[in-house]
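*Asks:* sequence and predicted structure below; questions after.
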Amino acid sequence: MNVGTLKLQLHIPGCRSLKEKRGVLRPLIARIRKDFNVSVAEVDKQDLHQSASLAVSAVGTDAAFVNSVLSNVVKRVERERNCYLQDYSIELL
């Protein structure tokens, strides 16, 4: 069994409240969960309006597959219009 984690640092320009931030993150998290069958959660920076830190985890029998899934999540987030990917890190356990 192989477990992979991905940590995403996002910038959400123009958000003036946590409600606006939630309006951007909730649909993004739902799309990632649906499209890639992974677990996603906001893990840091919950009190900042224009920043977010998401963690994504995937489990599989092959490390290359898990890495591929997480890399595809990164590519998907890079195409988002409402937020910008500032940094990310992938770790395979």
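*Replies:* Good, I have the coordinates.

*Asks:* now the most centrally placed residue in the chain: closest residue in space that isn't a chain neighbour?
*Replies:* Nearest to the geometric centre of the chain sits Leu54, at 4.6 Å (C-alpha atoms, centre = their mean). Leaving aside its sequence neighbours, Leu54 sits nearest to Leu8 (C-beta to C-beta, 6 or more residues apart in numbering; 4.5 Å). For every residue, glycine as well, the C-beta is placed using N, CA and C.

*Asks:* thinking again about what came up before, element containing the residue nearest to the centre of the chain?
*Replies:* strand 51-60 (DSSP states H and E).

*Asks:* buried stuff in that strand?
*Replies:* Neighbour-count burial for strand 51-60 flags 51-54, 56-58 (criterion: 16 or more other C-beta atoms under 10 Å).

*Asks:* got the contact list for the nearest residue to Tyr84 once chain neighbours are set aside?
*Replies:* Of all residues not flanking Tyr84 in the chain, His11 sits nearest, at 4.7 Å (C-beta to C-beta, 6+ apart). Applying C-beta atoms under 8 Å, 6 or more residues apart in numbering to His11 gives the contacts 50-51, 83-84, 86.

*Asks:* that'll do, ta.
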